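A.B. asks: give me a 3D structure for the following:
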Amino acid sequence: MTRLRKMVIGAAVLFGATSAVALGLLQLDRAFPPPLPEKLVVSTEVVDRDGALLRAFATPDGRWRLAASLDQVDPQFVEMLIAYEDKRFHEHSGVDPLALLRAAGQFAGNGRIVSGGSTLSMQLARLTEPRASRSIASKLRQIARAVQVERRLTKREILERYLTLAPYGGNLEGVRAASLAYFGKEPKRLTVSEAALLVALPQLPEKRRPDRHPEAAHAARDRVLSRMVAAGLLGDREAARAALEDPPGRRLALPALAAHAADATMRATPEKTRHQLTIKKSVQQGLEAVARDAAAKLGPRISVAMVLADARTGEILGEVGSADYFDASRSGWIDMSKTRRAPGST
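C.D. replies: Alright, predicted model coming up:
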């Protein structure tokens, strides 16, 4: 047999074996697809005429999980997240071999897991299919799932799902819920300190909760800032200024404005997860404050209802059904702006 013929046969065998392996992996991929629902179960939102959040409702399992898109998140936070968690995110196909080698070296040198070498795709796989323990088998499964995830989702979709599902302590999931609960605002514009804290929390969300463990949150935030300086995303002075800010010391309630109007639209179209009203958030906040103050002056068990409409269009800009929706002593759950009353009670 000539050398050329041997080379041709060897190449044919190699091609056949490679094709068989690829076909086998493709069949396995189809037989055991990753648990990626077409639509995530998220909190229902009621927003004002401009898209600002008026009220959110927890998911059926009691989670505050607000859908997040990249357009709703500070771009600097996203850059910091990728630099800290997965700097080759846009280059790899679900698995970063260099990060895995680094993690293996750290494990060999320290005798314990220092870093898992997980990409954002691997972390998304873990979030959608939680593992029971940190083991080699579970890591291999996570790697396989990450490759499957990358075959089905774009990089943008992977990021947006991560930003919706990442844990932030307690029943907070996703960057929007965390930003609203810890900073009282949407994550559209974050300070450097706020962005760094939100990058740090998902790794150990319970141990780093700023409302319960401020020192751990502070230290984790500072580590992110140091890494950002090393990565060239922040200057020394900018990071130093950010390190002077104290993490939030308490958790805030998520917005609960226009409670009666929100309830009404939920009942009318319960299948929707996003409801938009003609109400303007700033007007609604002002009316609710006036109603609370007026009811306090009038005395206990007295309620106040107010409606503000645009005289030209008839659109409702603000609607207060009671002085306090959550005040049982004033029957706050009753929408006095719509309930029929006798003339003497009006």
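
A.B. asks: where does the stretch 151-300 of the chain dip in pLDDT?
C.D. replies: Within the stretch 151-300 of the chain, not a single segment meets pLDDT under 70.

A.B. asks: now do the strands in it.
C.D. replies: 172-173, 274-276 (DSSP state E, counting those that start in this stretch).

A.B. asks: could you check how many residues crowd around residue 211?
C.D. replies: 16 (other C-beta atoms under 10 Å). To be clear about C-beta, it is placed using only N, CA and C from the backbone, and glycine gets the same treatment.

A.B. asks: please name the residues that touch it.
C.D. replies: By C-beta atoms under 8 Å, 6 or more residues apart in numbering, the contact list for residue 211 reads 169, 182, 248, 249, 250, 251.

A.B. asks: equivalent analysis for residue 154, please.
C.D. replies: By C-beta under 8 Å, 6+ apart, residue 154 has no neighbours at all.

A.B. asks: now do residue 165
C.D. replies: Neighbour list for residue 165: 40, 65, 124, 127, 128, 173, 174 [criterion: C-beta under 8 Å, 6+ apart].

A.B. asks: one step back: need the winner for burial among the strands of the stretch 151-300 of the chain.
C.D. replies: Among these, the stretch with the highest mean neighbour count (mean count of other C-beta atoms under 10 Å) is strand 172-173, at a mean of 26.

A.B. asks: and that one, what does it pack against?
C.D. replies: Contacts defined by 3 or more C-beta pairs under 8 Å, 6 or more residues apart in numbering; DSSP states H and E place strand 172-173 against strand 64-65.

A.B. asks: what does the strand it packs on rub up against?
C.D. replies: Applying C-beta under 8 Å, 6+ apart, the external contacts of strand 64-65 come out as 40-43, 56, 58-59, 164-165, 171-174, 177, 181, 254.

A.B. asks: how does it look with 7 Å?
C.D. replies: 42, 43, 56, 58, 59, 164, 171, 172, 173, 174, 177, 254 (C-beta atoms under 7 Å, 6 or more residues apart in numbering).

A.B. asks: can I get the strands of the stretch 151-300 of the chain in TSV with distance to residue 90?
C.D. replies: Below are the strands of the stretch 151-300 of the chain laid out as TSV (distance: least, C-beta to C-beta, whole Å):
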stretch	distance to residue 90
strand 172-173	25
strand 274-276	29
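
A.B. asks: which of those sits closest to residue 152?
C.D. replies: strand 172-173 (21.4 Å; C-beta to C-beta).

A.B. asks: so how far is residue 95 from residue 101?
C.D. replies: Distance of residue 101 to residue 95, computed by C-beta to C-beta, to the nearest Å: 11 Å.

A.B. asks: actually residue 202, not the one I typed
C.D. replies: If you measure residue 202 against residue 95 using C-beta to C-beta, the figure is 20 Å.

A.B. asks: for residue 189, same thing?
C.D. replies: For residue 189 relative to residue 95 (C-beta to C-beta), the value is 34 Å.

A.B. asks: quick one: which of those two has more around it?
C.D. replies: residue 95 (18 against 13).

A.B. asks: grab the nearest non-local neighbour of the more buried one.
C.D. replies: Nearest non-adjacent residue to residue 95, counting by C-beta to C-beta, 6 or more residues apart in numbering: residue 143, 5.4 Å away.

A.B. asks: what pLDDT does the model give that neighbour?
C.D. replies: For residue 143, the pLDDT comes out at 88.

A.B. asks: burial of it, as a residue count?
C.D. replies: 19.
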